[in-house]
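1. structure, please.
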Amino acid sequence: MLTPVDHWLRETFLLETHFYCLRLPEKVPSGVKVRELPNSPTSKYRYRLIARSNRSSDQIVKKMNEEGLMFATQVVEKKTPLKPLIAPKGGSVLLNVFWMFSFMGLTFGALKLVKTMSNDEVFVENLRGAVALFMETGEP
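-> Below is the predicted model of the structure:
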């Protein structure tokens, strides 16, 4: 189950939009990479424009529609070493972080409780007596 934060992380850091067209628009928005595709008889497109943000994608679509250019789009995942952190196979980053902090909080609380109880001499004496009594009888 993905949360809105997980969707935002994936859109921002993992996904990019590729636009394929035969002719470039007059002005390409900033932040957009233009790649010329190899010229072959089977190739339908001549250029690939790579937009890494939603704003850039919207600007390209608007510009191409204004100029009446035909284009195709494809959303692809970037090749980044951060992918396992941003989009783990197990599901949500936010939920993984939540459970990690919950576990750390419970562990810290348990250790603090043990430390507090071990500093209380009356509690330690009662515990020693209970353990000794248990060891003598051998029964719970």
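2. rounded mean pLDDT for stretch 112-125, please.
-> Mean per-residue pLDDT for stretch 112-125: 89.
3. buried sites along it?
-> Using 16 or more other CB atoms under 10 Å as the test for burial, stretch 112-125 gives no buried residues. Using the backbone N, CA and C atoms, a C-beta is placed for each residue, glycine as well.
4. how about the strands in this structure?
-> Counting by DSSP state E, the chain has strands at residues 15-21, 32-36, 47-51, 71-77.
5. the third one pairs with which strands, parallel or anti?
-> It stands for strand 47-51. Using DSSP bridges, the strands paired with strand 47-51 are strand 15-21 (antiparallel), strand 32-36 (antiparallel).
6. which parts of that strand are buried?
-> For strand 47-51, by 16+ other CB under 10 Å, it's Y47, L49, I50, A51.
7. please enumerate residues in contact with that strand?
-> When contacts are defined by CB atoms under 8 Å, 6 or more residues apart in numbering, strand 47-51 is touched by residues 16-24, 28-29, 31-37, 57, 59-60.
8. if we go to 7 Å?
-> Residues outside strand 47-51 that contact it (CB atoms under 7 Å, 6 or more residues apart in numbering): 16-21, 24, 28, 32-37, 57, 60.
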